[in-house]
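In: the amino acid sequence is not available; the structure is as follows:
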């Protein structure tokens, strides 16, 4: 009765599983939304909103009149004129400057001592006090502005006094510091975009997540794993077909996300603060290349974690915890700037992170770095796949309930 | 033909199957009867190589399951205890999926699948997604899926579980038809009426052991009971877990 050749099925089993998984999951609304809508688009949208808010605030601060409460304004009318010329709007005195700053009523408060006028006329040094809270990062630009205006005024007055005594102002400043900032427009952008690699990882994650859950926990919950394993196909082939389906979904997610970033990149007013951002085709192609081994690694890891879960819901919980792992290198790199060493590129996630940051800086990635990144991640991916295959062979896996 | 020799399987300290041997012949229906938890499902799972026995041997058409599990699975059509269908696929697609996993060429697949859809009278549901299928429709689909590669040996784990009277009758007729085609049919049940009505041979399992392996008539003769139900109770030693 059963006379089918075995050669035929060897080539077909992988493809059969792959095609069935793709077809079945294309019919699932939840998977589609997660893989092709929320997953890849949430990142770019949040990103644009965040960046725009930050940039606009920076820009606002630089141009806008800056209200500064001044205590003792009447003692130093000339200083106040100089401040006004710099865009500062002197405000009414506050009773407790320390309190006002701490309660964020004012970014910065200026206090002028009552003996200012007398000391000034005698040519003695006088003190003005600036109250601010450096832990309020928001206020830093304001503090910087007022400080520069006050110091500029002091230097100017000092020079005038020297001239009045027949001395050259340069006697007082034997040394002059000339700042040569080597930041390029791209590298300035990097600080703000440190989280970009994480968005890409999350996209891959979301793209394959529901398929990975379906792979084991889902099959087990709907009790279809046992009949599936009764077919004359080795389990590792079934698993490989499923991993391929997960990978295709997450790669598609990544492509959509890259496309979305390329589009929204046009709407980020980066050049207004002297930054340059290139999220175009060149960038996308490199990111895709760097991310491909991660796609396989994450699909295997997701399947492995989901295999431990008894139900769909449990698998979802585990996977959302797993999603936090790729956050580590991104967070590390944005809080502790480390100098990249060659070996770091070989570490999955970290390598991709470094590579993408380098692309954003406009430095490009070298062939050696790409090689290390691909080799390291691919090796990790293969190990993860082998471990998942091992897990898939377990007797207990197939038994429902 | 399915031959089982001295199978053992333990889960921790629980001996689920403790020395089971029997033979299911071609052109016969063999019933595996026993109360719930007697070890029927575990025995069947070792037959279709989902589980590996701790000890003992399984031969399907002479192929040793320990040596060539894929070869054994090729000779078997299995309706496991778990009937899970892919609910986002239609009944037809569910059947096709398994046919392709068995490596059936497309033209043969089509004719086999259509023949089964007709034989199981499921033409009206074939192109519906299986989500929301009744228990009977689900079992039909699962059976078609299990038999699409035309196996010589058919294993059915509690096939009538959860079916109504009409569906049960239809399924029994279908099993008789499989026997008529010369296949070896092995099914498990805890319903005596069913076993008595269908089987050429009854293997009674209790506490992981075979306690009787006879034809229904021989069983009655052996126990001296006219009524099969009384015969079973006598063999098993209690009436726990049995249903008439």
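Out: Noted; the coordinates are in hand. It should be emphasised that the depicted structure is a prediction, and the values quoted were computed from it without experimental measurement.
In: where does the chain dip in pLDDT?
Out: Reading this off chain A. Within chain A, the stretches with pLDDT under 70 are A:1-11, A:57-63, A:183-192, A:270, A:272-275, A:334, A:337, A:400-401.
In: wait, I meant chain B there
Out: Within chain B, the segments meeting pLDDT under 70 span B:238-244.
In: at the geometric centre of it, which residue sits there?
Out: Centre of chain B computed as the mean C-alpha position; nearest residue by C-alpha atoms, centre = their mean is residue B:156, 1.7 Å away.
In: state the distance from that residue to residue B:106.
Out: Applying C-beta to C-beta, to the nearest Å, the value for residue B:156 to residue B:106 is 27 Å. The C-beta positions use only the backbone N, C-alpha and C, and glycine is treated the same way.
In: quick one on the thing from earlier: sec struct for the closest residue to the residue nearest to the centre of chain B other than its chain neighbours, please.
Out: Leaving aside its sequence neighbours, residue B:156 sits nearest to residue B:187 (C-beta to C-beta, 6 or more residues apart in numbering or on different chains; 4.0 Å). Secondary structure, DSSP: H, G, I helix; E, B strand; the rest coil: residue B:187 is strand.
In: what's the neighbour count on residue A:311?
Out: By the criterion of other C-beta atoms under 10 Å in any protein chain shown, residue A:311 has 14 neighbours.
In: for residue A:21, same thing?
Out: 23.
In: which ones are touching it?
Out: A:211, A:214, A:241-242, A:245 (C-beta atoms under 8 Å, 6 or more residues apart in numbering or on different chains).
In: for chain A, what's the nearest residue on chain B?
Out: Using C-beta to the nearest C-beta, the closest approach of chain B to chain A is made by residue B:103 at 2.4 Å.
In: what helix or strand does that residue sit in?
Out: Here residue B:103, judged by DSSP states H and E, is contained in no helix and no strand.
In: ok, now how distant is it from residue A:36?
Out: Distance from residue B:103 to residue A:36, counting by C-beta to C-beta: 33 Å.
In: who's more crowded, those two?
Out: residue B:103 (23 against 19).
In: phi, psi for that one please.
Out: phi 80, psi 20 (degrees, to the nearest 10).
In: quick one, phi psi at residue 22?
Out: No chain was given, so I picked chain A. phi -60, psi -50.
In: was after chain B, sorry
Out: Torsion angles, degrees, to the nearest 10, at residue B:22: phi -170, psi 170.
In: what pairs with it across the strands?
Out: Note on residue B:22: beta-bridge partners residue B:4, judged by DSSP bridges.
In: please list all residues in contact with it.
Out: Contacts for residue B:22 (C-beta under 8 Å, 6+ apart) come out as B:4, B:30, B:203, B:210, B:213.
In: could you export those as TSV, including neighbour count and secondary structure?
Out: Supplementary listing: these in TSV, determined by neighbours: other C-beta atoms under 10 Å in any protein chain shown; DSSP: H, G, I helix; E, B strand; the rest coil:
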residue	neighbour count	secondary structure
B:4	26	strand
B:30	24	strand
B:203	26	strand
B:210	21	strand
B:213	16	strand
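In: of those, which pair is most distant in space?
Out: Pairwise distances across these peak at 12.0 Å for B:30 and B:210 (criterion: C-beta to C-beta).
In: any common contacting residues for those two?
Out: Common contacts of residue B:30 and residue B:210 (C-beta under 8 Å, 6+ apart): B:22, B:203.
In: can you show me the helices along chain B?
Out: With DSSP state H as the criterion, chain B has helices at B:40-47, B:69-75, B:91-101, B:106-119, B:135-147, B:165-180, B:192-198, B:216-223, B:228-236.
In: now do the stretch 51-200 of chain A
Out: Using DSSP state H, counting those that start in this stretch, the helices of the stretch 51-200 of chain A run over residues A:77-85, A:97-102, A:116-122, A:140-164, A:185-192, A:196-213.
In: mind putting those helices into TSV with distance to residue B:235?
Out: Compiled in TSV, the helices of the stretch 51-200 of chain A are given as follows (distance: least, C-beta to C-beta, whole Å):
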stretch	distance to residue B:235
helix A:77-85	106
helix A:97-102	88
helix A:116-122	112
helix A:140-164	89
helix A:185-192	80
helix A:196-213	46
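In: most packed of those helices?
Out: helix A:196-213 (a mean of 26; mean count of other C-beta atoms under 10 Å in any protein chain shown).
In: neighbours of residue A:314, how many?
Out: 15.
In: does it touch residue A:216 like I think?
Out: No. With contact defined as C-beta atoms under 8 Å, residue A:314 does not count as touching residue A:216 (11.1 Å).
In: wait, what's in contact with residue B:144?
Out: So residue B:144 contacts B:91, B:95, B:113, B:116-117, B:120, B:122 (C-beta under 8 Å, 6+ apart).
In: closest to residue A:22 out of the residues you listed?
Out: residue B:95 (18.6 Å).
In: just give the number of residues close to that closest one.
Out: As a burial measure, residue B:95 scores 28 neighbours (other C-beta under 10 Å).
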